[in-house]
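J.: structure for the following, please:
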Amino acid sequence: MPLTRKSIKILQWILSAFILFAAILVWTTTQEKKDGAMTPQVVMIKFGADGRQDAKNQGFSTMNHPSGVYRYQIHWDDPAKLGIVKYIQGPYSFDVDNVMIATGLGDKDSPEDGVDNWDINFNISSSKTTSHEEGRDKVMSLLGRLRSAGWKRYVYAASPRLAGREALKYVSSESGALYSLDSTYTPTIDEWKNLITVEPRWIFYADGVFLTLSLSYQSSGSPDMGYYLTDIQVSTASDHYTPYFTDSVERRKKWEKLISDELKPAREERSKKEAELKALGYTIDATYQPPPFEAPDFSAKADNAH
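T.: Next up, the predicted model:
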């Protein structure tokens, strides 16, 4: 069966999990390795056709899959000289250090859109191993920089709107829940130790783009020390909502006119879940502001605009 765009991206997430173990081997080996080709230490990434051209100009490798997904990728193999990625989006731009791999994806069905998804795999620290306290503090510092750049928290349309410690409590009680934590809440060390076992994530939104920061952790065998692999994925709104339109390329191209109806079941699921949580003593964060795409009348306005 040929791979679809969705399955390619699922494979990318699976690959990210294995990268952590590869990173451990890289950090612990004493053998020095050198690339045959020169890889720039600093690269800039952006969306659209410009992002695709910039990737080519900066030496990213290219893969055009028969399914129609094209990929641009660059990697840094020397643990003593990892990469720096500068993500460009006006006032929402940010830098990421200690990068191992940066990957961009696009779709041949929408060549005018260029790159619509970037994935950055990086180490949270330049150290070989990281303590729980340092790992937590560096993650919280990065989250703070994203907020300062204008990124706002995003909660999936079907997920309950919880804030602070209650969001963390919910993640801990819901096995396998892909929930967006509140980046303004700093966990205690004990909370952090429990949190990193479930591969936590913090999801943001800014000006038509979604960002997910997630991390994996592997103990080093030394008390309270381990290896952190952190991942930032940024995607355009059209890419973010692709799972709702996997049945049709034409429907995907018209996602703005269709998304309001597609999200109705999600909104109903959120209401039901929030009612259950309120009965358990949780407080619903009524101040949460979703992206404009998730307003019930967004599609009607988008249709009228055309």
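J.: any stretches of the stretch 151-300 of the chain with poor pLDDT?
T.: Across the stretch 151-300 of the chain, nothing is flagged by pLDDT under 70.
J.: show me the contacts for Pro290.
T.: 154-155, 157 (C-beta atoms under 8 Å, 6 or more residues apart in numbering). No exception for glycine: its C-beta is placed from N, CA and C like everyone else's.
J.: now flag whichever of the residues you listed is closest to Ser214.
T.: Ser214 has its nearest neighbour among the contacts of Pro290 in Tyr154, at 13.4 Å by C-beta to C-beta.
J.: what about the closest one, how many residues nearby?
T.: Counted with other C-beta atoms under 10 Å, the neighbours of Tyr154 add up to 22.
J.: kindly report the same for the one 3 residues further on.
T.: Around Ala157 sit 19 other residues, with neighbours defined as other C-beta under 10 Å.
J.: A helix includes it, no?
T.: No - applying DSSP: H, G, I helix; E, B strand; the rest coil, one finds Ala157 to be coil, outside a helix.
J.: excluding its backbone neighbours, what's nearest it?
T.: Ala266 (3.8 Å; C-beta to C-beta, 6 or more residues apart in numbering).
J.: if I look at that neighbour, how far off is Tyr241?
T.: 11 Å (C-beta to C-beta, to the nearest Å).
J.: for those two, indicate the residue with more neighbours.
T.: Here Ala266 and Tyr241 are set side by side on neighbour count (other C-beta under 10 Å), and the busier one is Tyr241, at 21 against 15.
J.: tell me which residues form a beta bridge with the residue lying closest to Pro291 once chain neighbours are set aside?
T.: Using C-beta to C-beta, 6+ apart and skipping the chain neighbours, the partner closest in space to Pro291 is Tyr205 (4.9 Å). Using DSSP bridges, the beta-bridge partners of Tyr205 come out as Lys152, Phe210.
J.: contacts only, for Tyr205.
T.: 151-154, 211, 291 are the contacts of Tyr205 under C-beta under 8 Å, 6+ apart.
J.: buried sites along stretch 45-52?
T.: By neighbour count on 16 or more other C-beta atoms under 10 Å, the buried set for stretch 45-52 is 45-47, 51-52.
J.: just the closest of these to Trp76, please.
T.: Nearest to Trp76 among the buried residues of stretch 45-52, with distances taken as C-beta to C-beta, is Ile45, at 14.2 Å.
J.: what pLDDT does that closest one get?
T.: Listed pLDDT for Ile45 reads 98.
J.: that one against Ala102, yeah?
T.: Yes - taking contacts as C-beta atoms under 8 Å, Ile45 lies within contact range of Ala102: 6.3 Å.
J.: give me the common contacts of those two.
T.: 85, 118.
J.: helices or strands up against the strand or helix carrying Tyr70?
T.: If you go by DSSP states H and E, Tyr70 is part of strand 69-75. The elements that strand 69-75 packs onto, with contact taken as 3 or more C-beta pairs under 8 Å, 6 or more residues apart in numbering; DSSP states H and E, are helix 5-28, helix 48-57, strand 61-64, strand 94-107.
J.: repeat that for 6 Å
T.: Using 3 or more C-beta pairs under 6 Å, 6 or more residues apart in numbering; DSSP states H and E, the elements in contact with strand 69-75 are strand 61-64, strand 94-107.
J.: those strands: which one's closest to Glu262?
T.: strand 94-107 (18.8 Å).
J.: who does the closest one pair up with?
T.: strand 69-75 (antiparallel), strand 83-87 (antiparallel), strand 115-123 (antiparallel).
J.: just the angle between the first one and helix 48-57, please?
T.: So the one you mean is strand 69-75. 50 degrees (axes from the mean of the first three to the mean of the last three C-alpha atoms, to 10 degrees).
J.: who's in contact with strand 69-75?
T.: 5, 8, 55, 60-64, 101-106 (C-beta atoms under 6 Å, 6 or more residues apart in numbering).
J.: for it, what does the pLDDT average out to?
T.: For strand 69-75, the per-residue pLDDT averages 94.
J.: could I get the buried residue list for that strand?
T.: 69-72, 74-75.
J.: the second one too?
T.: Burial within strand 83-87, assessed by neighbour count using 16+ other C-beta under 10 Å, is assigned to 83-85, 87.
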